[in-house]
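[1] structure for this input, please:
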Amino acid sequence: MDELDVALVQAASSLDPAENRAAMAAAVDGLDADLVVLPEAFARDFGSPGDDVSAFAEPVDGPFGQALGALAGPQRTVVAGMFERSADPARPWNTLLLRGAATANYRKIHLYDSFGYKESDRLVAGEWEPVVVDVGGFRVGLMTCYDLRFPELARDLVEAGAEVLLVPAAWVHGRTEAEHATKVTHWRTLVRARAIENTAYVVAVGQPEPRYTGRSLVVDPMGEVVAEAGEGPQVLHATLRRDAINSARSANPALANRRHRSR
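    Presented below is the predicted three-dimensional model:
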């Protein structure tokens, strides 16, 4: 395929897993897109800082995984986040599920121990295992939220063949107006930076205000914003084009020009 139609579902998850499964089905069922991306922790919201999320962890083939799989198929791939049971009964993984044209699970590597939060108190970090899958002829790499601040993960995904970086997120709203403005600036700047430095599309979808920042966006391999949402609930559509990737990598062959440090 030379094009990939994507839909970004900027929707809020609640504290009720059954309610979230129903909301996911309602949001995805009527969408005409090759790839549908929902936010991080869509199976069940994080809740208040310090809340125990372990009681809501599931295996990847549990109720949420089954519901996600039922919405996917050979012509539609769906991605969304959940809490997956780990070997530590008190701390699950923060996991993305991808179902449809391919099947993949990605456990968030970088936990949000920042801006006064400490995600590692209630979640386990995944091992460094970059996940890249084929969706409609495009190589797609998976990242989650805080991972966006670590360019080495994006580069490892691209070195593994990724042409598109997916970043489902729950980018927390600032607690003051100034902090919120800073977080929005970081979000947009980092999404564009990961696209520019890797000559790759970045598809970044977050949960909406008031708890999170919203502002889901798609950035092309030259760093231009293709589509961007506001702060509230919204479904954003964009078309990813093979010729845009080829053109960017021809004009700016930074990946080919990169020199590796001798060890």
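
[2] roughly how far out does the helix or strand encompassing residue 67 sit from the chain middle?
    Using DSSP states H and E, residue 67 falls within helix 63-71. In terms of CA atoms, centre = their mean, to the nearest Å, the centre of helix 63-71 is set 18 Å apart from its chain centre.

[3] cool, and stretch 227-241?
    14 Å.

[4] about what we covered before: okay, buried residues for the helix holding residue 67 please.
    64-65, 67-69, 71 (16 or more other CB atoms under 10 Å). (C-beta placed from N, C-alpha, C; glycine too.)

[5] and the lowest mean pLDDT element among the helices and strands of this structure?
    helix 254-257 (a mean of 92; mean pLDDT, DSSP states H and E).

[6] then it to PDB, C-alphas only?
    Extracted C-alpha coordinates of helix 254-257, given in PDB (Å, rounded to 0.1, in the frame of the first residue of the first chain):
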ATOM      1  CA  ALA A 254      20.300  11.700   8.100                       C
ATOM      2  CA  LEU A 255      19.700   8.000   8.900                       C
ATOM      3  CA  ALA A 256      22.200   7.000   6.200                       C
ATOM      4  CA  ASN A 257      24.600   9.700   7.200                       C
END
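
[7] and the helices in the stretch 1-150 of the chain?
    Using DSSP state H, counting those that start in this stretch, the helices found in the stretch 1-150 of the chain span residues 17-29, 63-71.

[8] among those, which is nearest residue 81?
    Proximity to residue 81, assessed across the helices of the stretch 1-150 of the chain by CB to CB, is greatest for helix 63-71 (9.5 Å).

[9] the closest one - contacts with which helices or strands?
    helix 17-29, strand 77-84, strand 93-99 (3 or more CB pairs under 8 Å, 6 or more residues apart in numbering; DSSP states H and E).

[10] the helix holding residue 67 versus helix 17-29: what angle between them?
    20 degrees (axes from the mean of the first three to the mean of the last three CA atoms, to 10 degrees).

[11] quick one: residue 197 and residue 252 touch, right?
    No. Using CB atoms under 8 Å, residue 197 is not in contact with residue 252; the gap is 9.7 Å.

[12] from residue 23, how far off is residue 66?
    16 Å (CB to CB, to the nearest Å).

[13] do the same with residue 197
    The gap separating residue 197 from residue 23 is 35 Å, by CB to CB.

[14] the strands in this structure, which residues?
    3-10, 35-37, 77-84, 93-99, 104-107, 132-135, 138-142, 164-168, 201-205, 217-219, 225-228, 234-241 (DSSP state E).

[15] could you list every helix and strand in contact with the fifth one?
    Helices and strands in packing contact with strand 104-107 are listed as strand 93-99; criterion 3+ CB pairs under 8 Å, 6+ apart.
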